[in-house]
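K.L.:
need the 3D shape of this:
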Amino acid sequence: SNVNEGYLDRSPYNRTYGQIAGNGSDLDRSYGVPYVSHMGQIVKNDGKIKVYVIGFSADTGNRTDFSENLAKIAAETGALPTQSGDPYFLAGDEDELDLVFGEIQREIINNLWHIDGPKL
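P.N.:
Residues are numbered from 1 along each chain as shown. Modelled structure (predicted):
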C-alpha cells in the first residue's frame, strides 16, 4: 500500500522530489484515485468528520471533467450536497473562494448552535 498513517508515501515512485504533480484538474488514476478512495473509507467509517469539497480553478475550459472529478471525490468521502445541489463548491477566484469559506463557516456555526445553544 502507498498510504502510511494517512499520508501518501511518495518515495518509491521516483518522481521529482518524491512528489506526484498534475494540473490540479485531473484525477491521477494510478495514485490519486486509490488514495481518495482509501481516505474516503477512513472518513466514512469514523463518522465524525464532515467533508467539504472545494474546486478552485480559474480555468473554466475543461469544467466538465473538473466537476466530474470533484463529484467522484465528494462521493468517496461522503460529502453532502451544498445549496447548489452539488456535493462540492466551485470557486474561480479569490472572491468566490471567500464566499465559499463564508458559507462553510455559517454552516459550522449553525451546527454548533444546535450543540451549545446561542452565544450571547
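
K.L.:
shaky segments in the chain?
P.N.:
For the chain, the stretches flagged by pLDDT under 70 are 1-27, 60-62, 114-120.

K.L.:
that one: strands as residue ranges?
P.N.:
Applying DSSP state E to the chain gives strands spanning 3-4, 7-8, 54-56, 89-91.

K.L.:
partners of the last one, with directions?
P.N.:
Here strand 89-91 is paired, per DSSP bridges, with strand 54-56 (parallel).

K.L.:
helices along the chain, start to end?
P.N.:
Here the chain has its helices, by DSSP state H, at 32-46, 63-77, 94-116.

K.L.:
tell me the buried residues in the first one?
P.N.:
By that I understand helix 32-46. For helix 32-46, a neighbour-count test (16 or more other CB atoms under 10 Å) marks 32, 35-36, 38-40, 43 as buried. Where C-beta positions appear, they are placed from N, C-alpha and C, glycine not excepted.

K.L.:
show me what it is packed up against.
P.N.:
In this structure, helix 32-46 packs against strand 3-4, helix 63-77, with contacts taken as 3 or more CB pairs under 8 Å, 6 or more residues apart in numbering; DSSP states H and E.
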